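[1] Okay, here's the prediction I keep looking at, along with the sequence it came from:
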Amino acid sequence: MVRYLITRLGQALVVVLLVTVIAFLILHLLPGGAARATLGKEATLEQLAAFNHEMGYDRPWIQQYGMFMQRLLQGDLGYSYQLNQSVSEAIMQRLPKTMVLSLLSTLLAIVVAIPLGVIQAVRRNRWPDYVITSLSLLAYATPIFFLGLMLIILFSQVWPVLPPEAPQGFTVAEVLSDPAGLVLPTVTLAIVTIAVYSRYVRSSMVDNLNENYVRTARSKGLSERRVVLRHTLRNGLFPVITLLGMYLPALFSGALVVESLFNYPGMGQLFWQAALKRDFPILLGVTLIISIATVVGALLADLLYAAVDPRVRLRRSAS
Amino acid sequence: MTASNELTRLGPAPDQSGTQPLLELRDLDTDIALRRGTVHALDGVDLQVMPGETLGVVGESGSGKTMTALSIMGLLPPGGRVTGGEIRFEGRDLRSLPADEVRRIRGVRMGMVFQDPLTSLNPTMRIGFQVAEPLRVHQGVGKAEARERAIEILRRVGMPRPERIVDNYPHELSGGMRQRVAIAMALVCSPRLLIADEPTTALDVTTQRQILELIDDLKDEFGMAVILVTHDLGVIAGRADRVAVMYAGRVVETAATGELFRSPRHRYTEALMEALPESAIRDDGAHARLYSIPGLPPDLSQPLTGCRFAPRCRYVTAECRTTEVTLSTGPHQHACLHPVPATAPAPLARTAPAAPSADAGGTPPAADDRTAPASAAEPVAASAAKAVAAEPTAAEPAVAPAAGSAVAEPAAAPILSVRGLVKNYPAGGGLWRRSAGQVSAVAGVSFEVRPGETFGLVGESGCGKSTIGRLVVGLETPTAGQIVLDGTDIATLRGRERRRMHRQVQLMFQDSYAAMNPRMRVDAILAEPLEIQQVGNAAARRARIATLLDQVGLSRRALERYPHEFSGGQLQRIGLARSLALQPRLIVGDEPVSALDVSIQAQVLNLMRDLQQELGLAYVFISHDLSVVDYMADRIGVMYLGKLVEVGPAREVVRAARHPYTQALIDAVPTVTPNAEAARSGIAIRGELPSALNPPTGCRFRTRCPFAQEICETEPPLTGGVHQVACHFPLRPESTASTAGSADGVPAVNAVPSAEAAR
Amino acid sequence: MTTLSTAANAQPDTGAPTPGEAAEAPLRGMWRQGLIVFCENRLALVGLGLFVLLAGFCFLGPLFYHTDQVHTDLTQVHLAPGEQGHPLGTDGVGYDQLGRMMLGGQTSIVVGLAAGLLATALGTIWGAVAGFVGGWVDAAMMRVVDAMMSIPSLFLFMLLAAIVTPSVPMLILIIGAFAWLGPARLVRGEALTLRSREYVQAMRAMGGTGARAVRRHIVPNAIGTVIVNATFQVADAILYVAYLSFLGLGVPPPAANWGGMLSDGLADAYSGHWWLLYPPGIAIILIVLACNFIGDGLRDAFEVRLRRR
């Protein structure tokens, strides 16, 4: 277990380092390099050269990477002249709100997907399974923004019960103070997640229901309910924990689209607007932070899995 | 085992007409719906189990024995359904009871133990909770009391430190221990009936013995009946009061155990017994040809008429194919139109027990008064032998194995010579962490194989026998030591020569299906070795492949088929044909028949022996099954935890074992001689196999050896002439027969093919 | 070497197929068998039919239904379906919507197929090298994949789309160059498992080389997995194009794709111009579903074990 921890932590660290390298490379692949990216299209060649010299961008790449990392560790992600704000400040304003949206929709997805997946597995190859499978395939094939728009049309126009726009607060507290506005973005983001999770829960449960230990449990005269809920469900859900981590990139991608559609003031919207305005410091900063969040999230999911599954937890202590 | 118990077992069917049967199956039909049609797994099964008796249900795969057990328990796989008949348990038909009631009966009045202990327990639940769960569910026992009772039942199944085990998870226990947990779980509500479905098939033979004895003891203790389902006639012979033989979804014969083994009536039972390797070994060490049942069992998804064994039966008549045969009445029931005459000499005549007496396999003695194998007397002799054995060991100069065999067979140079072979694997498999320790899979093994000879390597799982096989064929590189093939150390070979080396030695796998690319047709599979070694042109290869198919007895039509279209026995033939393609001089068979049913196993073993004689092949025959190795091998090496503990002529090793481990292994093998098992007390190993990560110093067996002393902490060398042993206190000195004359020790088989093999 | 004696003791069972299969024809190719399994899967056939239908509509449709998709016509803006000979109406700049669906579909399908195949090819090579070489190389290569996978793909695509000017080939490159991570992981895993299969060991015990293992055993057995994954990659790529278009970084007009049409239609959603919204939306859903169905069917078809009784 201890060795697993160390290995897994080391892996995550390497991955984060590689992510910074990739971000650094992209920065330098930009036409005109980082200077153009920072100063914008209107900057003159002299301005660019001066900027490059000031930032050390005329030095060897290795040295530059060292400086890049040094600044990064100090929390300095650069400055957005378009927002007139430091990148880290802009991100810190938005990140918590994106986390709120992601967390809410993930919770909703888990709560819905687990029972769906279990029902599918228990009634596999019968109509409940077919219906749910078809729906998740449909959800998976629908672009999120189209799905969100359908929901807006349904619940804001046809049957106007919910606002079509997300809450516009500056802080998390303000956002949370308008729960009605959060419903549609959360549900939109959750639906695709539900489709993915429920398929996963289904296959994991089906695998477990075919295991010999389930037959043993039945041989003890346990009710089918107890066999499924007490014996199979735990084992079937362990892999789902790691899925939480693996699914994070897709979740954040989804958040990007949902935030843009509902005008939700999170990282995704910030990124979207920056992309339209070619605001590269923001684009790079957000990409870097969201990637690190992904790595950390996946690490936490793996550690959680290792902590709850006795087969992993006790691997080293056994004999 | 008590004396009275013994009597019931040997006598005719216990007269219990007064008492009601505990369980009665009447005309039971079970269907299994699959993607392609319905399999009629059971067709009119009738069975009775009396209170307190052990009924053995025996049959090959597909015979319906497991389906019978699962039908009783109501645990049929998806698609499975009991479609007719009655399951009367304690006088009530389970099929007519409400589901909840059946569930309760299943949990409280019946218990079941399954085959694979590694997967039969919930991996993420503590042992104690799993064991006590039936109590809590069916009897409303509280948490604290459930724990106490779990500890108590675990103690009764012989679990060491049960108060700690209850808080463990299954993966922290060995296979044998997990099976004890499974038994405890089945018994926690004190059921009237225990169904054990192949309870020891996944276990090593010494562990098997412990588990079977445990079930026996608990049966008496709890006064319950047991249904013991198995494919292994030997297991049944030693443990059951009555036996039911199943074939193709039907019970074909049922009788008291002694009676059935003494004089089987159904022609299938008779054939099955004759197909056992142990029935073909004569006392003088000569091997009769095994009777092999031709063909395959019928496809149960097709409508069948007449006796289902008819297509494979030696005594078939036209009548057999058309007449439905039902079980006869009386204590010895059979469903055969032309049964073995009841008074005829027992066909087990050839199954002479492994006794070194002058009983030359001619006239059959009644099973009851057969002399127990010599091994039974050994523990007594062993202590005496200890003192004697120390002397020759010391007196004899440490003879190198090479020298020893050179004396034995000066004519033929060994085809394979393994010297001081060592193989370690890094533990954990981490890239940077070699320090985590090493698994010592093979630790200094030396042996030789001469042309045309079969060298048997026997040992339990994890002893390193398969690793040796992989090393010899060049699939792994040894950590230390030499593998000399036909006079050349294979480690020195490079490139082209290394590739040509593979022509000399070939590997035969246990699971031929896994060893064949599922996307290649048989012709491509058989051509592959020829292509790799660039033998001949396309036409020559085709001709060679045709020859190979003839040799293994398959038709040319097989060429256009894919592996998944063949049965296990046919695949093993194809595997053998592929190993033969390059005309090797040595074939390493890694458990080549372990996955096969007895009747199919006999076909493959016969084929291997025929080809050996015809082609002058040498075999390294690796198996966990001592009786198969005994039948096949000229010489046997016994392995324990990476070490060769005993090497010698097959007959000597099996009948006059010198190492305590070998003796324990022999004693643990169940035989079809019904009372031999009971007569044996033998050497029983207790405890668990030590980890190969930190193997015991000195003699690796000393931690489990009943004779171990301080000196055993130093490593005993492998010493002796023809029959060598690595033990400070051998059970007996090397027999004079084997030391005196090499001709006696080395089977005559060698002489003929070795010349031919020299080519 | 003689065969006489063994031929004599050949068991009568011989190579005859197991009883139930005796009736079937002796000559069956692996591909034909796979085709049979594929055809047994009704959804897979529906998917294939759908894909052919949509592709036919996009690529053959313009041959029979001529429209001007280059010049805008501001006199014919937002015509409802059926008006003035426009079966599906017109959009905000006067393009015929039905003709535009065909044009947009061409882009979506071409980009989807090309990017999906590019991703599959790149991923297969990367994963195969990592899996075969193993050791340090494998560890390093897979960490790179881990790192790139932890950058959410849409963020990466948008970042790149912001750097370069999007065009059809550029979209293919961008999506293909970063969607290969999934296939790479898959192929590496497959290579690792296949490498340790017993039939590969059997081949090595015959003296076969690593190259032969790859050529005769690993590639033929891994190809199924790769092809199945490719169909899913195509589906994903079509979705990615839609997302990029929605986020304003799709191909600029007069070129069109379903995703771009759909996001343009969003603006019209509130004004009742439903014909601009639903046709592209439904078309995307259908083509993605079709790819997924085909993939599922192919997975069954390649699964040899399914055919073992």
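    Ah, there it is.

[2] Just the buried residues of the helix ranked longest in chain C, please?
    In terms of residue count, the longest helix belonging to chain C (DSSP state H) is helix C:97-133. By neighbour count on 16 or more other CB atoms under 10 Å in any protein chain shown, the buried set for helix C:97-133 is C:97-120, C:122-124, C:126-132. (Glycine included, C-beta is placed from N, CA and C.)

[3] All the strands of the stretch 251-400 of chain B, in order from the start?
    B:333-334 (DSSP state E, counting those that start in this stretch).

[4] Give me the neighbour count for the residue of it found nearest chain C.
    Nearest residue of the stretch 251-400 of chain B to chain C (CB to the nearest CB) works out as residue B:299 at 4.1 Å. Neighbours of residue B:299 under the rule other CB atoms under 10 Å in any protein chain shown: 17.

[5] And the pLDDT for it?
    With respect to pLDDT, residue B:299 scores 86.

[6] contacting residues for residue C:156?
    By CB atoms under 8 Å, 6 or more residues apart in numbering or on different chains, the contact list for residue C:156 reads A:287, C:148, C:178.

[7] so how far is residue C:54 from the spatially most central residue of chain A?
    The centre of chain A sits closest to residue A:248, judged by CA atoms, centre = their mean, with a distance of 3.1 Å. The gap separating residue A:248 from residue C:54 is 33 Å, by CB to CB, to the nearest Å.

[8] Next, the contact list for residue A:149, please.
    A:261, C:266, C:269, C:277.

[9] Save the contacts of residue C:156 as TSV, and put in secondary structure, pLDDT and distance to residue B:444 too.
    Output for the contacts of residue C:156, formatted as TSV (DSSP: H, G, I helix; E, B strand; the rest coil; pLDDT from 0 to 100; distance: CB to CB, whole Å):
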residue	secondary structure	pLDDT	distance to residue B:444
A:287	helix	90	58
C:148	helix	89	49
C:178	helix	85	54
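
[10] Can you turn the buried part of the residues you listed into a PyMOL selection?
    In PyMOL, this line selects whichever of those come out buried by 16+ other CB under 10 Å:
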select buried, (chain A and resi 287) or (chain C and resi 148+178)
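
[11] Out of the contacts of residue C:156, which comes closest to residue A:267?
    Nearest to residue A:267 among the contacts of residue C:156: residue A:287, at 10.0 Å, using CB to CB.

[12] Following the helix or strand of chain A with the lowest mean pLDDT in sequence, what is the next regular element?
    Every helix and strand of chain A was ranked by mean pLDDT, DSSP states H and E. The lowest is helix A:33-39, at a mean of 66. Sequence-wise, the next helix or strand downstream of helix A:33-39 (DSSP states H and E) is helix A:45-55.

[13] Might one say that the residue nearest to the centre of chain A is in contact with residue A:298?
    Yes - using CB atoms under 8 Å, residue A:248 is in contact with residue A:298, at 6.1 Å.

[14] Between the two, which contacts overlap?
    residue C:150.

[15] Residue C:48: neighbouring residues, count only.
    18.

[16] and the stretch 201-319 of chain A, which residues reach chain C?
    Those residues of the stretch 201-319 of chain A that sit near chain C, judged by CB under 8 Å from any CB of the partner chain, are A:248-250, A:252-253, A:256-257, A:260-261, A:271-272, A:275-276, A:278, A:280, A:283-284, A:286-287, A:290-291, A:294-295, A:298.

[17] Going by neighbour count, which residues in the longest helix along chain A are buried?
    Assignment by DSSP H gives helix A:87-122 as the longest helix of chain A. Buried residues in helix A:87-122, counted by 16+ other CB under 10 Å: A:87-88, A:90-91, A:93-95, A:97-98, A:100-102, A:104-106, A:108-110, A:112-114, A:116-122.

[18] ok, then the element right after it?
    helix A:127-141.

[19] returning to what we had before: please tell me how far the residue nearest to the centre of chain A sits from chain B.
    As judged by CB to the nearest CB, to the nearest Å, residue A:248 and chain B stand 25 Å apart.

[20] ok, how many other residues are close to the closest residue to residue B:291 other than its chain neighbours?
    Leaving aside its sequence neighbours, residue B:291 sits nearest to residue B:274 (CB to CB, 6 or more residues apart in numbering or on different chains; 3.7 Å). For residue B:274, the number of neighbouring residues by other CB under 10 Å comes to 22.

[21] Residue ranges in the stretch 1-150 of chain B under the pLDDT threshold?
    B:1-18 (pLDDT under 70).

[22] which stretches of it form helices?
    Assigned helices in the stretch 1-150 of chain B, in chain order: B:3-10, B:65-73, B:99-108, B:127-139, B:143-156 (criterion: DSSP state H, counting those that start in this stretch).

[23] Bridged to residue B:485, which residues?
    residue B:416, residue B:488 (DSSP bridges).

[24] how much space between it and chain C?
    13 Å.

[25] Mind telling me what element the most centrally placed residue in chain C is part of?
    Nearest to the mean C-alpha position of chain C, by CA atoms, centre = their mean, lies residue C:231 at 2.2 Å. Element membership of residue C:231 [criterion: DSSP H and E] is helix C:219-246.

[26] Run the chain-centre distance for that helix.
    Put simply, helix C:219-246 sits 4 Å off its chain's centre (CA atoms, centre = their mean, to the nearest Å).

[27] Could you do stretch C:92-101 as well?
    That offset, for stretch C:92-101, works out to 28 Å (CA atoms, centre = their mean).

[28] do the same with stretch A:253-263
    On CA atoms, centre = their mean, the centre of stretch A:253-263 falls 12 Å from that of its chain.

[29] Now do the buried residues in that stretch.
    A:253, A:254, A:255, A:256, A:257, A:258, A:259, A:260, A:261, A:262.

[30] Make TSV out of the residues you listed and add distance to chain B.
    Shown next, in TSV, are the buried residues of stretch A:253-263 (distance: CB to the nearest CB, whole Å):
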residue	distance to chain B
A:253	33
A:254	32
A:255	33
A:256	37
A:257	38
A:258	36
A:259	39
A:260	42
A:261	41
A:262	41
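
[31] Adding distance to residue B:306, write the residues you listed out as JSON lines.
    Listed next are these as JSON lines, based on distance: CB to CB, whole Å:
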{"residue": "A:253", "distance to residue B:306": "67"}
{"residue": "A:254", "distance to residue B:306": "66"}
{"residue": "A:255", "distance to residue B:306": "70"}
{"residue": "A:256", "distance to residue B:306": "72"}
{"residue": "A:257", "distance to residue B:306": "70"}
{"residue": "A:258", "distance to residue B:306": "70"}
{"residue": "A:259", "distance to residue B:306": "75"}
{"residue": "A:260", "distance to residue B:306": "75"}
{"residue": "A:261", "distance to residue B:306": "73"}
{"residue": "A:262", "distance to residue B:306": "75"}
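
[32] Among these, which ones are in strands?
    Using DSSP state E, no member of these falls within strands.

[33] ok, so of the residues you listed, who is nearest chain C?
    Once CB to the nearest CB is applied, the member of these that ends up nearest chain C is residue A:253, at 3.7 Å.

[34] Show the contacting residues for that closest one.
    C:152, C:153, C:154, C:155, C:243.

[35] Contacts only, for whichever residue of the stretch 501-650 of chain B sits closest to chain A.
    Minimum separation of the stretch 501-650 of chain B from chain A (CB to the nearest CB) falls at residue B:641, amounting to 15.3 Å. Counting by CB under 8 Å, 6+ apart, residue B:641 makes contact with B:443, B:462, B:463, B:464, B:689, B:690, B:692, B:695, B:696, B:700, B:701.

[36] quick one on the thing from earlier: which ones among the buried residues of stretch A:253-263 are found in helices?
    Per DSSP H, the buried residues of stretch A:253-263 map to helices at A:253, A:254, A:255, A:256, A:257, A:258, A:259, A:260, A:261, A:262.

[37] Around chain A, which positions in the stretch 551-700 of chain B sit nearby?
    Counting by CB under 8 Å from any CB, the stretch 551-700 of chain B sits next to chain A at residue B:691.

[38] tell me the helices in the stretch 551-700 of chain B, going along the chain?
    Going by DSSP H, counting those that start in this stretch, the stretch 551-700 of chain B shows helices at B:568-580, B:598-615, B:626-632, B:650-655, B:660-668, B:676-679.
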